[in-house]
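Q: model the structure of this input:
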Amino acid sequence: MKLAGNYAPVLGPTERAKASGYAINLFLDAVEHRYIEEFATSNFAALTKPDANGHITYVTPLSSSVLESITNRSLSELAAKHFKWDVRRERVEWADVIRGRFAEVAAVGTAVVISKLVQ
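A: Numbering: from 1, shown residues only. You can find the predicted model right below:
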């Protein structure tokens, strides 16, 4: 059984974030504090802006500390098979979000289903 370490210790920080007006906490890697791991409640998923050929990529972080999500896996399969989008698990830098690499970012998981966070 694989245990992810990000869920239990977030109760205090989540309360403080909500009191400050934030919807959800986002965790970065523990070593460099540069790469996205996951949200406090769910997996991180994003859609890239269409490239010159109109191709969109469904991106989710590649990390050994993230608990696999059936919801995220299902969305990855739908993206590839139904929408014909590329699907990539890769190290996602927080700077990619800030620079506007993604058209949309969402928290995906059983409890939150799909919660769109950025457009």
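
Q: now do the same contact list for R88.
A: T57, Y58, V59, T60 (Cβ atoms under 8 Å, 6 or more residues apart in numbering). To be clear about C-beta, it is placed using only N, CA and C from the backbone, and glycine gets the same treatment.

Q: out of those residues, what pair is the most spread apart?
A: In the contacts of R88, the most distant members under the criterion Cβ to Cβ are T57 and T60, with 10.3 Å between them.

Q: quick one, which of the two is more surrounded?
A: Shown here are T57 and T60; by other Cβ atoms under 10 Å, T60 has more neighbours (24 against 18).

Q: what secondary structure does the more buried one sit in?
A: Secondary structure state of T60, per DSSP: H, G, I helix; E, B strand; the rest coil, is strand.

Q: skipping adjacent residues, who's closest to it in space?
A: Leaving aside its chain neighbours, T60 sits nearest to A45 (5.0 Å; criterion: Cβ to Cβ, 6 or more residues apart in numbering).

Q: and the one you found, which helix or strand is it part of?
A: strand 43-48 (DSSP states H and E).

Q: run the chain-centre distance for that strand.
A: 5 Å (Cα atoms, centre = their mean, to the nearest Å).

Q: and what of stretch 51-68?
A: 8 Å.

Q: in it, which residues are buried?
A: The neighbour-count check on stretch 51-68 (16 or more other Cβ atoms under 10 Å) flags I56, T57, Y58, V59, T60, P61, S63, V66, L67 as buried.

Q: and for stretch 19-30?
A: I24, N25, L26, F27, L28, D29.

Q: tell me which of these is nearest to V97?
A: V97 lies nearest to L26 out of the buried residues of stretch 19-30, by Cβ to Cβ, at 8.7 Å.

Q: who's in contact with that closest one?
A: L26 neighbours (Cβ under 8 Å, 6+ apart): I36, E38, F39, A40, F44, W94.

Q: for it, give me phi and psi.
A: Dihedral pair for L26: phi -120, psi 130, per degrees, to the nearest 10.
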